[in-house]
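J.: compute the structure for the input listed below.
(chains A, B, C and D)
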Protein chains: 2
Amino acid sequence: MKHEQLRLSNQLCFPVYAASRLIIREYQPYLDKLRITYPQYLVLMVLWENDGITVNDITDKLVLKTNTVTPLLKRMESLGIISRNRSGEDERKVLITLTDKGKKMKLVASSIPGLLVDKLKDGALTMEQLVELRTNLNILIDYLQNREDSR
Amino acid sequence: MKHEQLRLSNQLCFPVYAASRLIIREYQPYLDKLRITYPQYLVLMVLWENDGITVNDITDKLVLKTNTVTPLLKRMESLGIISRNRSGEDERKVLITLTDKGKKMKLVASSIPGLLVDKLKDGALTMEQLVELRTNLNILIDYLQNREDSR
DNA sequence: TTTCTTTATATCGCAAGCGATATAAATATT
DNA sequence: AATATTTATATCGCTTGCGATATAAAGAAA
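T.: Prediction:
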């Protein structure tokens, strides 16, 4: 019984880690055309949904830390796709806004996820299984994030 | 219909990526006691199962590239948990073997995955859902790896 | 209003992860 | 045998990810 758990776990944590990298690799050719990386694409997705938010807002949504996000945003600023400005109301906050260049990328970028799903759907999993997978992952994420917050 | 796909995908690729990092964070306190990282732990798991294999064998099993694995193994060598030796039969190959120190870590390390599953099981997902999640991820991984190989 | 604490962001150092490229041994071709 | 190709590993340069620590503004407590 204990042995079974041990094997399952080896086959749970590692698959998530491997799948993550494989999916990002699958994204890469499309992102190359936009000259951005996957984490940069995630930042853009957050901003397209909600422009003018703070560094911490982005940090929370992407489940990252500021020591990852600050340099990431600086690189995106130097690429000319976002701008970083201190808030007038609260000088501690840095507001992140899309530049025109960043806004224009939305049209091309928003077609990418659909292409990915088309590949996976039926090729690998049915739509139902994809939904099931997403649901289970989101439950896991919520659980682990709540554990983190209460520490 | 197309909109639905787009939303699902945003909620599929990102959850895998976020879950991966959250699970590794959950592993970290246990790995800290052994003074190793998660990727180093994965290498050890491979070697405990199959000692004396080549760099490429490890690379394949972990779905990584040599430019990641070679430095990783060098760090593990300098930690004294593995040794790297050129094969006599084929001078191109480097054989990786566990040192006594590396072998001894198995006992402590093998208890870690069980602790993780205990946390997740029922706290987040049922055993059935964990199995379901693992199954779907493995199908996805097989599919994406086969796509990669045929390129 | 001074001092203490919290909040928001940034910096540092190091380990992954990876595309591109290099090197050298093994194998195939001519 | 000489040359070309393939295979196995390594190196370089860059981005990400994160623990630990720093800094400065805002808010609370004294």
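J.: for residue A:51, phi and psi?
T.: phi -80, psi 150 (degrees, to the nearest 10).
J.: does it really touch residue A:106, like I thought?
T.: No. If you go by C-beta atoms under 8 Å, residue A:51 and residue A:106 don't touch, sitting 10.7 Å apart. (C-beta placed from N, C-alpha, C; glycine too.)
J.: burial count for residue A:95?
T.: With neighbours defined by other C-beta atoms under 10 Å in any protein chain shown, the count for residue A:95 comes to 18.
J.: check contacts around the residue nearest the centre of chain A.
T.: Nearest to the geometric centre of chain A sits residue A:42, at 4.1 Å (C-alpha atoms, centre = their mean). Residue A:42 makes contacts with A:62, B:14, B:17, as judged by C-beta atoms under 8 Å, 6 or more residues apart in numbering or on different chains.
J.: filter those residues down to just the ones in helices.
T.: Counting by DSSP state H, the contacts of residue A:42 place B:14, B:17 in helices.
J.: what's the angle between the helix or strand of chain A with the lowest mean pLDDT and helix B:2-34?
T.: Within chain A, no helix or strand scores below helix A:2-34, which has a mean of 85 by mean pLDDT, DSSP states H and E. Angle, helix A:2-34 to helix B:2-34, by axes from the mean of the first three to the mean of the last three C-alpha atoms, to 10 degrees: 120 degrees.
J.: do any residues in helix A:2-34 lie close to DNA strand C?
T.: Yes. Helix A:2-34 reaches DNA strand C (C-beta under 7 Å from any atom of the strand) through A:17, A:21, A:24-25, A:28.
J.: quick check, nearest of those residues to DNA strand D?
T.: residue A:24 (8.1 Å; C-beta to the nearest atom of the strand).
J.: state the pLDDT value of the nearest residue in space to the closest one that is not next to it in sequence.
T.: Counting by C-beta to C-beta, 6 or more residues apart in numbering or on different chains, residue A:24 lies nearest to residue A:38, which is 4.7 Å off, once chain neighbours are set aside. Note on residue A:38: pLDDT of 97.
J.: I'd say residue A:38 and residue A:25 touch.
T.: No. With contact defined as C-beta under 8 Å, residue A:38 does not reach residue A:25; the gap is 9.3 Å.
J.: between the two, which is the more surrounded one?
T.: More crowded of residue A:38 and residue A:25, by other C-beta under 10 Å: residue A:38, with 17 against 14.
J.: distance of the more buried one from residue A:56?
T.: 21 Å (C-beta to C-beta, to the nearest Å).
J.: how deep is residue A:78 tucked in, by neighbour count?
T.: 9.
J.: next, give phi and psi for it.
T.: Main-chain dihedrals, residue A:78, degrees, to the nearest 10: phi -70, psi -20.
J.: that one and residue A:99: what is the separation?
T.: 12 Å.
J.: likewise for residue A:53?
T.: Separation of residue A:53 from residue A:99 (C-beta to C-beta): 15 Å.
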